[in-house]
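1. what would the 3D arrangement of this be:
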Amino acid sequence: MRHELTLLQRFAGIFLRDVNLGVVLINTEFELIDISDMACRVLGLEREKVLHQALDSIFADLPAEHWLVQRSILDGMVVRNHALSWTNNQERYELLVDSSVLRDEDERIVGAYLIFKDVTNLRSLEEQVQRSDRLAMIGQIAAGTAHEIRNPLTSIKGFLQVLRKTFQEQGMEREDGYTVVMLKEINRINELVNEFLLLGKPKNVTYDEVDISEVLRDILPIINNEAILHRVVVQYESHYGLPHVVADREMLKQVFLNISKNGIEAMGEGGILTVSEKVDLEQRLVNIEIHDTGPGIPAYVIDKIFDPFFTTKAEGTGLGLSVCQRIIHDIGGHIRVSSKGYGTTFTVSIPFP
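-> Model (predicted):
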């Protein structure tokens, strides 16, 4: 019996230390009795500092409704495969949670446990596949109709420019103003058609070994010029010896410019845009984080921002981030976004060989 108990104790110790699961054990006083290493990493906790502490104090900085562990767990409430989002230090996790109570021989509740699995990559992959299907369909439609749209637009634009010149020569200012508005709207339609075409597979993509640091340094002057217009300060945090990735250099520029421009515009007047280079050696990923100090993205919006045609801008088409995600997805990477009350961080992750 003693041998079996020792074996179970050893298993429990190794399980909490090595298993790729978040495990939280609490007693009837709502105190943390033990926690796995993976749970500490996801929740942003230090094991030695939180053991035997009340969960009220551990989660004191969060509203009670956002606590990962609710007091109702001690009332016998059982949870199975409950999906929730958790943000820790600007990194967002998608979790599947199970929880239940622990009882003694007399069926009295002596504590409770909560186990969660990080399914962020699975959820992200599922969403990317769904979006890719929608983008492919839109791209096929666009490719088939782009020329039919552009040809009449070119004729209309040409005749409008002739009319405008005539109006200017004859001093017809009001009519000239009308043509300016019409030409502006035609240009908007042309831009929309161009974005449609980008949703299909680009014809002139050149995959090569790319130094992302060089790509960022190339576009920093453009980002700075945009930032100056909005009184935004740009900070660039480089990483020495950043591994090279296999990608299309111009496509990467498009991704980083689009996300940076969105961040600058989100801040309105003033703020800081931080572009950071990081390396995840364990996952073999180069991570580019673009963080703004704007108002953040509401929870009910954040899951929709990569959807085609979803936009919060009055002049936006809702295709920019969709195109960015497709570009990164095509080279085996992903884009994550986290926003917790203040500021937003986009993380572009690209695998390196």
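
2. when you work out contacts or count neighbours from here on, use the C-alpha atoms and nothing else.
-> OK.

3. show me how the record splits this structure into domains.
-> Listed by automatic domain parsing, the domain ranges of the chain are 2-118, 120-201, 203-353.

4. please identify the deepest-packed of the ones you listed.
-> Ranked by mean neighbour count, the domains of the chain are led by domain 203-353 with a mean of 17 (mean count of other Cα atoms under 10 Å).

5. follow-up on the earlier one: lowest average confidence across the domains of the chain, which one?
-> For these, mean pLDDT drops lowest on domain 120-201, to a mean of 73.

6. what segments of the stretch 101-250 of the chain are helices?
-> 120-169, 173-199, 212-229, 249-267 (DSSP state H, counting those that start in this stretch).

7. residue 260 reaches residue 223, doesn't it?
-> Yes - Residue 260 lies in contact with residue 223 (Cα atoms under 8 Å); the separation is 6.9 Å.

8. quick check, residue 279 in a helix?
-> No - counting by DSSP: H, G, I helix; E, B strand; the rest coil, one finds residue 279 to be strand, located in no helix.

9. OK, contacts around it?
-> If a contact means Cα atoms under 8 Å, 6 or more residues apart in numbering, then residue 279 has 242-243, 285-287 as its contacts.

10. closest to residue 209 out of those?
-> Distance to residue 209 across those (Cα to Cα) is lowest for residue 243, with 9.9 Å.

11. tell me how far the closest one lies from residue 345.
-> Per Cα to Cα, to the nearest Å, residue 243 is found 22 Å from residue 345.

12. what's the answer for residue 158, then?
-> 43 Å.

13. next up, phi/psi of residue 241, please.
-> Note on residue 241: its backbone torsions stand at phi 70, psi 40 [degrees, to the nearest 10].

14. repeat for residue 346
-> Dihedral angles (degrees, to the nearest 10) for residue 346: phi -100, psi 130.

15. quick check: chain neighbours aside, which residue is closest to it?
-> residue 337 (4.5 Å; Cα to Cα, 6 or more residues apart in numbering).

16. ok, the one you found - contacts?
-> 91-92, 302, 344-347.

17. the residues you listed in strands, which ones?
-> 91-92, 344-347 (DSSP state E).

18. residue 101 is in contact with residue 109, isn't it?
-> Yes - the pair residue 101 / residue 109 is scored as a contact, 6.5 Å apart, by Cα under 8 Å.

19. need the residues touching each of the two.
-> The contact sets of residue 101 and residue 109 overlap at residue 74 (Cα under 8 Å, 6+ apart).

20. rewinding a little: turn the contacts of residue 337 into a markdown table, columns for distance to residue 151.
-> Shown next, in a markdown table, are the contacts of residue 337 (distance: Cα to Cα, whole Å):
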| residue | distance to residue 151 |
| --- | --- |
| 91 | 46 |
| 92 | 45 |
| 302 | 38 |
| 344 | 41 |
| 345 | 41 |
| 346 | 38 |
| 347 | 39 |
